[in-house]
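Visitor: Any chance you could fold what I've pasted below:
(2 chains)
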Amino acid sequence: MKALHLLRWSGSVLSPRTRPCCFIHKYPSRYRPQPFNILLRLQSSAAVPIRTISEPEDDTEPQKPAHYTLLPSPPPSRALSSARLSALHARLVLPPRLPLESLARCLVDPSADTNPNFNNASLSILGYDLLGYYTSEAIVCRYPRLPTEVTFAAMHAYCGPKTLAAVTREWGVEVAAAPGGEVDPGVLQCTRQEAGNASVNGTGTQFKDLPKVAEDPSTRPNPEQQRRGWRRGATSQTVYDDDFGDEIERTETDYAERPELRQEDAQRKAKRGVTLEVASTGFVRALMGAVYLHAGKRAAYNFFKAHILSRHLDVSKLFEFRQPTRDLSKLCAREGFESPVARILSETGRKSRHPVFVVGVFAGKDKLGEGSGSSLDEARIRAAIGALKGWYLYSPLEVRVPSEATEEKPWEPVLVDGGEVFV
Amino acid sequence: MPGDGNGIPFSFEFLVRPEGFLSTCTFLAKRVRSVKPSIELSDNFARTKKVGHVLCQTVTLLAGIFNLATGKIHTGRHLADKEKRSIASDILFDDESQRSSDMPISLSLRPPSNLSFLFPSFSSLVPYVSRRNESSARRTTKRLRTKPDPSFTSSIPPSQVNDHIVFNPPSSAPSPYHTPPVFLPVNDPRRTLLAQSHQHANPYDQPNKRLPPIVHKHKPYEKKYHLREKEIEEIRRLRSEDPYKWTRAKLAEKFECSQFFVGMVAEAPSEKKAAEQRMIEEIQEKWGRRRRYAREDRGKRRELWGKDL
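Guide: Down below sits the predicted model:
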């Protein structure tokens, strides 16, 4: 796999001000001996227009600090003078190639600044994909037999919105009370959503009391419903839904079928209020994208490992079984084992108020799982759950992920399991 | 109190008289305060200030064991530290000068008659034969002499005791991350490794080792697969004719199959299902608070089994 020249490609995503060239120029001895312009000229296929150094016209920055209030978000030039931003850069041990201007841009939510050249929307889309890719490959390669639902739950736990919001808090990123050009660029800039108990334009009605669009609780296919003509389940979640198995809100096909939805969404966006969770999620994703664009794949993966993958998650706690004994017998039939039989390994106080039974599930002479409980039924069910978890939580001795593959050490296929048990 | 000149004060005599009693007390004191075994209850030892606490412990134990032995209960309240010390000094010192000069022990303000359990005359009232000191002391010693687990001591010379890690975890449920050997893929190296290992090899593979007893919840039965298309049609017809007469149980009995199979091939009509649901709800409405809560809790517990909590 060849190393990609990301700096050349990132021109369309990063606004001219946040290009790492400024940073490199500042410390020429540390990074590159030759200036960036020469590098661009040598690589004639570069897609970046050569306007790296010259200031663009669209970035009208007020000359006096008093005029900062006219801007929706702090100008990139103030990033260098923000102590918070430098502290955050140092605290997260971000690669030195990531300039402070980019870090400042990651902190600007689209709800604060709608200009895509200055908010983190583009970076956060990239970061979302990267986080989803790295997390899913880590989970799937580590536990190749994990059921789809559990995989989605693990994805949620590693890089879901709640986790990323917690990560933001752990990093010590604070939120601006209200966004604006005069605010310190080291705080998260977003327009907060109206609280549920706030009144609607002074009418006395609370926001939470407003009628909401009722969700269809049925998972059956509904021909009358144009948006979703399929039954929602593990398969449709894999195919149609996002990284976490959640329904994607609107797609272009939805807009084509129901044009009024577009207007509705535009109205919602015009309100520009987001929750803290959404803004924090966007920030972490944008930072991931920025690290990838400025410092490359290796640095992005290290960043991911240090902050996302290092979080402890007990995958065995994510399971929930409804009929474990039936699932286990189906599994044994599918895999060609003998049908499972529950056997009492030990017991105490059978006639007492608090008996304890230890039951093992056996396929022939092999013990598949063990469980204990205060009744034979409970112990049997727990033993079946133990056996099923033993199957699903299989992990190979050496775990390699596709993104680690290089030209010297190419990718070797890992175990692809037949899938979970369906009854 | 007068001493007998042998290092053991007179007042100890009645405690010492049953053989091994004092050694028991020393032993107990050791257990409590982890005193070095070389320490004995002698005058020299008692004069050092350091062991004041140990003496207090010993006196508490002596008093406790004495009560146990004679069946007498003394004043009925716990002795304060000060009092214990004064008792200790009463026992171990025979002249006032030593007491005041060597140990910071305050004199007991209580009259000695309150400390009745220490008086030799009291014990002499009880006939020697009726006392059960010896046996109870021996039992106590025996009970306390518990052997450590062999994994703590076996094959480790005393010189190397600190060089070893003793791993002795309590018994616990197996981890779900340990994949059973049958569930490992064919090319996984752990398959052969586990089969070769002594500790993790399947114990039931040996010919003389029998499998544990089966949980007799549902008796296993052989499936016959004897019903053909015609019989299934008959089941459906009967069920649709009179679902109240031809229930699952009746049909299963008639056609010698399981009730589950009947439910699979011929579902009850929805009116019957609704009627039965209504009947169940009527019954449940008559339940009192305790019964309803008990049923709900049972259901919740069952859900928790599924989450393995």
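
Visitor: Where does pLDDT dip in the stretch 101-250 of chain B?
Guide: B:101-135, B:151-158, B:160-164, B:217-220 (pLDDT under 70).

Visitor: Chain A too?
Guide: For chain A, the stretches flagged by pLDDT under 70 are A:1-66, A:202, A:211-229, A:249-254, A:266-272.

Visitor: now with 90?
Guide: Where chain A drops to pLDDT under 90, the residues are A:1-73, A:75-78, A:110-117, A:178, A:180-182, A:191-275, A:364, A:398-400, A:404-423.

Visitor: Get me the contact residues on the stretch 51-200 of chain B for chain A.
Guide: Taking CB under 8 Å from any CB of the partner chain as the contact definition, the stretch 51-200 of chain B meets chain A at B:173-174, B:176-185, B:188-190. Where C-beta positions appear, they are placed from N, C-alpha and C, glycine not excepted.

Visitor: so which of the residues you listed is the most crowded?
Guide: Neighbour tally across these (other CB atoms under 10 Å in any protein chain shown): the maximum, 24 neighbours, falls on B:Phe183.

Visitor: Correct me if wrong: that one contacts A:Ser395.
Guide: No: between B:Phe183 and A:Ser395 there is no contact under CB atoms under 8 Å: 11.4 Å.

Visitor: one step back: mind checking which of the residues of the stretch 51-200 of chain B next to chain A are in helices?
Guide: Counted as lying in helices by DSSP state H, out of those, are B:189-190.

Visitor: Could you work out the most separated pair of the residues of the stretch 51-200 of chain B next to chain A?
Guide: Across these, the longest distance by CB to CB is 26.2 Å; it joins B:Ala173 and B:Pro189.

Visitor: Burial check on B:Pro169, number of neighbours?
Guide: Neighbours of B:Pro169 (other CB under 10 Å): 5.

Visitor: can you confirm it is in a strand?
Guide: No: B:Pro169: not assigned to a strand; according to DSSP: H, G, I helix; E, B strand; the rest coil it is coil.

Visitor: how near is it to chain A?
Guide: 16 Å (CB to the nearest CB, to the nearest Å).

Visitor: swap in B:Thr247?
Guide: B:Thr247 sits 24 Å away from chain A, going by CB to the nearest CB.

Visitor: Longest helix of chain A, counting residues only.
Guide: Longest helix in chain A, counting residues (DSSP H): helix A:121-142.

Visitor: re earlier: spell out which residues are contacts of both of B:Phe183 and A:Ser395.
Guide: Counting by CB atoms under 8 Å, 6 or more residues apart in numbering or on different chains, no residue touches both B:Phe183 and A:Ser395.

Visitor: so what does the longest helix of chain A touch, helix or strand wise?
Guide: Of the remaining helices and strands, those touching helix A:121-142 by 3 or more CB pairs under 8 Å, 6 or more residues apart in numbering or on different chains; DSSP states H and E are helix A:148-159, helix A:276-295, helix A:297-304.

Visitor: Give me the buried positions along the shortest one.
Guide: The reference is to helix A:297-304. A:299-301, A:303-304 (16 or more other CB atoms under 10 Å in any protein chain shown).

Visitor: Check the gap between the residue in the stretch 1-150 of chain B positioned nearest to chain A and B:Pro169 for me.
Guide: Per CB to the nearest CB, B:Asp149 is where the stretch 1-150 of chain B lies closest to chain A, at 19.7 Å. To B:Pro169, B:Asp149 is 12 Å away according to CB to CB, to the nearest Å.

Visitor: Go ahead and confirm A:Leu94 touches A:Leu103.
Guide: Yes: look at A:Leu94 against A:Leu103 with CB under 8 Å: they come within range, at 7.0 Å.

Visitor: Identify the contacts common to the two.
Guide: A:Leu287.

Visitor: From the residues of the stretch 51-200 of chain B next to chain A, pick the one nearest A:Asp129.
Guide: Ranking those by separation from A:Asp129, with CB to CB as the measure, puts B:Tyr177 on top at 30.2 Å.

Visitor: what residues are up against the closest one?
Guide: Each residue near B:Tyr177 by CB under 8 Å, 6+ apart is listed here: A:316, A:393, A:395.

Visitor: Can you say which of those residues are buried?
Guide: Among these, the ones that count as buried by 16+ other CB under 10 Å are A:316, A:393.

Visitor: so of the contacts of B:Tyr177, which ones are in helices?
Guide: Taking DSSP H, every one of the contacts of B:Tyr177 sits outside helices.

Visitor: Just send the contacts of B:Tyr177 back as TSV, with distance to chain B too.
Guide: Listed next are the contacts of B:Tyr177 as TSV, based on distance: CB to the nearest CB, whole Å:
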residue	distance to chain B
A:Ser316	4
A:Leu393	6
A:Ser395	7
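
Visitor: ok, so of the contacts of B:Tyr177, who is nearest A:Ala379?
Guide: A:Ser316 (18.3 Å).

Visitor: who touches the closest one in this structure?
Guide: Taking CB under 8 Å, 6+ apart, we find A:Ser316 in contact with A:389, A:393, B:176-177, B:308.

Visitor: Widest-spaced pair of those?
Guide: Farthest apart among those by CB to CB are B:Tyr177 and B:Asp308. That separation is 13.1 Å.

Visitor: dump the residue contacts of the residue of chain B found nearest chain A.
Guide: Chain A sits closest to B:Pro176 of chain B, with a gap of 3.7 Å, by CB to the nearest CB. Shown in contact with B:Pro176 (CB under 8 Å, 6+ apart): A:316, A:386, A:389-390, A:393, B:308.

Visitor: mind pulling up the phi and psi values for it?
Guide: Backbone torsions for B:Pro176, taken as degrees, to the nearest 10, come to phi -70, psi -10.

Visitor: Leaving out sequence neighbours, find the closest residue to it.
Guide: Nearest non-adjacent residue to B:Pro176, counting by CB to CB, 6 or more residues apart in numbering or on different chains: A:Lys389, 3.7 Å away.

Visitor: quick one, the helix or strand hosting that neighbour and helix A:148-159 angle?
Guide: Using DSSP states H and E, A:Lys389 falls within helix A:376-392. Helix A:376-392 runs at 70 degrees relative to helix A:148-159, counting by axes from the mean of the first three to the mean of the last three CA atoms, to 10 degrees.

Visitor: Could you name the helices and strands sitting against helix A:376-392?
Guide: helix A:324-335, strand A:341-348, strand A:356-363, strand A:366-373, helix B:289-307.

Visitor: Just the buried positions in the longest one, please.
Guide: Meaning helix B:289-307. For helix B:289-307, the neighbour count (16+ other CB under 10 Å) marks B:305-306 as buried.

Visitor: ditto for stretch B:229-243
Guide: Neighbour counts over stretch B:229-243 (16+ other CB under 10 Å) mark B:232, B:234-235, B:238-239, B:243 as buried.

Visitor: how close does A:Arg142 sit to chain B?
Guide: For A:Arg142 relative to chain B (CB to the nearest CB), the value is 11 Å.

Visitor: who's in contact with that residue?
Guide: A:Arg142 neighbours (CB under 8 Å, 6+ apart): A:395, A:399.
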